[in-house]
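Trainee: need coordinates for the following:
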Amino acid sequence: MESELSFSTADLAQTRFAISPMWEVVTSFRLLRAESEPPLHRRWAAQVRPRLAEAGLDRGWLAELIPAGGYLADFLNPTPPAPFPELAAELEAIRKTPPERVRTDLDRLGVERDLGRSARLGLLRAAPEPALEKVAAEIETYWELALAPYWARIRRLLEADVFRRARQVAELGAAQVLNELHDSVRWDESSLRLVRRHCALTRADSGAGMLLVPSVFAWPRVLTRSVAPDPPQLAYPARGIGTLWEPRSTAAADAVAAVLGRSRTLLLTELDTPASTTALARRSGLSAAGVSQHLTALRDAGLVTAHRAGRSVLYARTSVADALLTPAGS
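Mentor: Below you'll find the model as predicted:
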């Protein structure tokens, strides 16, 4: 199957890039619903799956709205209001989804999945406004469990992709960049052609311009959203995903220890993957009280972040800490 999206000069001029937390929510949740996740995301999935099962998110609103394959409810991916929006801004747009948009998406979802009766989707159809509040609340929970502890790392990779391609647009032109997004995407004179696509992407179904969204979890395919009058969206795999979950270099740890102390530097090196106070105490040999005290100081200094995960709190290293632990020039 092949679809074609025509471009006028004005459409090219309105083509832009954006990072979207909600695209990472829907694509990562879909990945976790698959029978086996891609090897390059296995390290992340092994950490996240138990948290979601404990919280019951594997059988909640998102499980109803995001099937393992096929159509995704379009209202879950509103047009990002800025190049680098926060999750809260996209959740606000989801809460304000017009009822007719919600019902249209549910009709399509039901036809493609042959859902039959679903209490949650029935409530969403009958009373979209209060139900969307519940959907947004579950997304916030999912974010804290599955993405927030890793967001600094993910966002850094997505930003790098945007900046690289924006530079290419300036140097080579938008048409050249569009032609290199993915092997299923091809620029042909004044049209963007998508081959082997599940759903069509045409100008008749969308507004002017185009929004290009790099994604960590969309790999190995591209995903689209086409809802008038919004510009069409194309989520494509960002460059560098293969190295995303590799352990970060801590070669500068000795130099950092001279400033922060060995215990705090040890905790930073252990936080290559998010961990709780208890886990860090077990791995580092420090007391739980000592770990807690050090983490408070590191958090106040902007070197770690804390994220609620059920009854525990996960700590994650920030990009500032990553930079400190990496030798200059690396």
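Trainee: contact partners for Tyr236?
Mentor: The contact partners of Tyr236, taken as CB atoms under 8 Å, 6 or more residues apart in numbering, are 181-182, 185, 212-215, 218, 222. Every residue, glycine included, has its C-beta placed from N, CA and C.
Trainee: can you check Val162 too?
Mentor: So Val162 contacts 17-19, 83, 214 (CB under 8 Å, 6+ apart).
Trainee: and the helix ranked longest in the chain, C-alpha only, in CSV?
Mentor: Longest helix of the chain, by residue count under DSSP state H: helix 151-172. In CSV, the C-alpha atoms belonging to helix 151-172 read as follows (Å, rounded to 0.1, in the frame of the first residue of the first chain):
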residue,chain,number,x,y,z
TRP,A,151,13.3,11.5,30.0
ALA,A,152,16.6,13.4,30.3
ARG,A,153,18.3,10.7,28.3
ILE,A,154,15.5,10.3,25.7
ARG,A,155,15.0,14.1,25.3
ARG,A,156,18.7,14.6,24.7
LEU,A,157,18.6,12.1,21.8
LEU,A,158,15.5,13.6,20.3
GLU,A,159,16.8,17.1,20.5
ALA,A,160,20.0,16.1,18.8
ASP,A,161,18.0,14.6,15.9
VAL,A,162,15.9,17.8,15.5
PHE,A,163,19.0,20.0,15.6
ARG,A,164,20.8,17.8,13.1
ARG,A,165,17.9,17.7,10.6
ALA,A,166,17.2,21.4,11.0
ARG,A,167,20.8,22.1,10.0
GLN,A,168,20.4,19.8,7.0
VAL,A,169,17.3,21.8,6.0
ALA,A,170,19.3,25.0,6.0
GLU,A,171,22.2,23.3,4.1
LEU,A,172,20.4,20.9,1.7
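Trainee: any of the contacts of Val162 buried? List them.
Mentor: 17-19, 214 (16 or more other CB atoms under 10 Å).
Trainee: among the residues you listed, which are in strands?
Mentor: Among those, the residues falling in strands (DSSP state E) are 17, 214.
Trainee: may I see the buried ones among the contacts of Val162 organised as TSV, with distance to Thr318 and pLDDT added?
Mentor: Conversion of the buried ones among the contacts of Val162 to TSV gives the following (distance: CB to CB, whole Å; pLDDT from 0 to 100):
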residue	distance to Thr318	pLDDT
Phe17	24	90
Ala18	23	92
Ile19	17	94
Pro214	21	95
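Trainee: ok, so of the buried ones among the contacts of Val162, who is nearest Phe163?
Mentor: Nearest to Phe163 among the buried ones among the contacts of Val162, counting by CB to CB, is Phe17 at 9.0 Å.
Trainee: can I assume that closest one is in contact with Arg165?
Mentor: Yes. Counting by CB atoms under 8 Å, Phe17 does reach Arg165; the two are 6.4 Å apart.
Trainee: common neighbours of these two, please.
Mentor: 212, 214.
Trainee: show me what the nearest residue to Val185 once chain neighbours are set aside bridges to in the sheet.
Mentor: Computed as CB to CB, 6 or more residues apart in numbering, the closest residue to Val185 that is not its neighbour in sequence is Leu194, at 5.8 Å. Assessed by DSSP bridges, Leu194 has beta-bridge partners Ser3, Val185.
Trainee: on that earlier part again, adding distance to Pro247, write the contacts of Val162 out as a markdown table.
Mentor: Written out in a markdown table, the entries for the contacts of Val162 read as follows (distance: CB to CB, whole Å):
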| residue | distance to Pro247 |
| --- | --- |
| Phe17 | 29 |
| Ala18 | 30 |
| Ile19 | 24 |
| Pro83 | 30 |
| Pro214 | 23 |
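Trainee: in those, find the pair that's most separated.
Mentor: Farthest pair in the contacts of Val162, by CB to CB: Pro83 and Pro214, 11.4 Å.
Trainee: can you pull the residues that touch both of the two?
Mentor: Counting by CB under 8 Å, 6+ apart, the residues touching both Pro83 and Pro214 are 17, 19, 162.
Trainee: and the last one, what's its pLDDT?
Mentor: Here, the pLDDT recorded for Val162 equals 89.
Trainee: relative to Ala316, how far out is it?
Mentor: According to CB to CB, to the nearest Å, Val162 and Ala316 sit 22 Å apart.
Trainee: helices of the stretch 151-300 of the chain, residue ranges please.
Mentor: 151-172, 174-179, 253-260, 262-270, 277-284, 288-300 (DSSP state H, counting those that start in this stretch).
Trainee: give me the buried positions along the shortest one.
Mentor: For helix 174-179, a neighbour-count test (16+ other CB under 10 Å) marks 174-175, 177-178 as buried.
Trainee: what's the answer for stretch 206-221, then?
Mentor: Neighbour-count burial for stretch 206-221 flags 206-219 (criterion: 16+ other CB under 10 Å).
Trainee: now those residues as TSV including distance to Arg125?
Mentor: Below are the buried residues of stretch 206-221 laid out as TSV (distance: CB to CB, whole Å):
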residue	distance to Arg125
Ser206	24
Gly207	26
Ala208	31
Gly209	31
Met210	31
Leu211	28
Leu212	32
Val213	28
Pro214	33
Ser215	29
Val216	32
Phe217	28
Ala218	28
Trp219	33
